[in-house]
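J.: just to be clear, the model below is a prediction. Sequence and coordinates:
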Amino acid sequence: DARVTQTPRHKVTEMGQEVTMRCQPILGHNTVFWYRQTMMQGLELLAYFRNRAPLDDSGMPKDRFSAEMPDATLATLKIQPSEPRDSAVYFCASGLPRNTIYFGEGSWLTVV
Amino acid sequence: AQSVAQPEDQVNVAEGNPLTVKCTYSVSGNPYLFWYVQYPNRGLQFLLKYITGDNLVKGSYGFEAEFNKSQTSFHLKKPSALVSDSALYFCAVDQGGKLIFGQGTELSVKP
């Protein structure tokens, strides 16, 4: 049963620390998305990649966030330094262009 | 830019009654529209999509959605609600290869 795998599932960290979230997309999917979910803002698209190339990262705070795809089986989202306002659920999703995308279970981040 | 709106933050339904979760869209051209469901502490799960063809789309768990071009709507429906349908429902539109989501509607089904 193919699925998007995200790690860590839960992370509590102190303000100022670096946080790295990882995602393994479904094999064969060439488009990978990072979304953030909060009560106030709902689901926001942070960045997405096609064939490992970044297509749009306009939703991402550039000063502290970075997203990469070192290879086709790994996408990373890094926050450095982290702040309390970054506390949220971060979802990775993968799919094919103009088609259904499939979500991972999320990385629940708390910055204290 | 393409967008979707879910006008209701919450919908309450009695078990066994029909349910409707509303979604309206604003797009140029032909829209690709999706519905997803999110159960507590879980990721979003795909329910159904409209790309082209039949205006009535059938999806998972007995859900269906009707694409209405004149009303620019894509409402999610189910003939008989279950308590287990209680969850957060998201409508989404494809915008040049990325999905843009509505704010979500909390569906509560009471016994």
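T.: Received, thanks.
J.: enumerate every residue touching A:P8.
T.: A:M21, A:S107 (Cβ atoms under 8 Å, 6 or more residues apart in numbering or on different chains). Quick note: C-beta positions are derived from backbone N, CA and C, even for glycine.
J.: which residues in chain A form helices?
T.: Taking DSSP state H to define them, one finds no helices in chain A.
J.: what's around the residue in it that chain B sits nearest to, how many residues?
T.: In chain A, the residue that lies nearest chain B is A:F103 (3.8 Å; Cβ to the nearest Cβ). Residue neighbour count, defined by other Cβ atoms under 10 Å in any protein chain shown, stands at 22 for A:F103.
J.: B:N55 and B:S70 touch, don't they?
T.: No: in this structure B:N55 lies outside contact range of B:S70 using Cβ atoms under 8 Å: 10.7 Å.
J.: circling back to that earlier point, who's in contact with the residue of chain A closest to chain B?
T.: Under the criterion of Cβ under 8 Å, 6+ apart, the neighbours of A:F103 are A:V4, A:Y35, A:F91, A:C92, A:A93, B:Y36, B:G43, B:L44, B:Q45.
J.: buried only: go through these for me.
T.: For those, burial is judged from neighbour counts taken by 16 or more other Cβ atoms under 10 Å in any protein chain shown, and it is met by A:V4, A:Y35, A:F91, A:C92, A:A93, B:Y36, B:G43, B:L44.
J.: output the lowest mean pLDDT helix or strand found in chain B.
T.: Least confident helix or strand of chain B, by mean pLDDT, DSSP states H and E, is strand B:98-101 with a mean of 91.
J.: what's in contact with that one?
T.: Contacts of strand B:98-101 from elsewhere in the structure, counted by Cβ under 8 Å, 6+ apart, are A:33, A:35, A:42-43, A:45, A:48, A:55-56, A:93, A:101, B:1-4, B:34, B:36, B:90-94.
J.: how about 6 Å then?
T.: Outside strand B:98-101, the residues within contact range by Cβ atoms under 6 Å, 6 or more residues apart in numbering or on different chains are A:L43, A:L45, A:Y48, A:I101, B:F90, B:A92, B:V93.
J.: which parts of chain A sit against chain B?
T.: Within chain A, the positions lying close to chain B (Cβ under 6 Å from any Cβ of the partner chain) are A:42-43, A:45, A:48, A:91, A:97-98, A:100-101, A:103-106.
J.: chain A contacts on chain B?
T.: Taking Cβ under 6 Å from any Cβ as the measure of proximity, chain B contacts chain A at B:G43, B:L44, B:F46, B:D94, B:G97, B:K98, B:L99, B:F101, B:Q103.
J.: ok, the fourth one - contacts?
T.: Residues near B:D94 by Cβ under 6 Å, 6+ apart: A:R98, B:Y32.
J.: per-residue pLDDT, it?
T.: As summarised for this prediction, B:D94 has a pLDDT of 91.
J.: what about the closest residue in space to A:P54 that isn't next to it in sequence, neighbour count?
T.: Nearest non-adjacent residue to A:P54, counting by Cβ to Cβ, 6 or more residues apart in numbering or on different chains: A:A47, 6.4 Å away. Here the number of neighbours of A:A47 (other Cβ under 10 Å) works out to 22.
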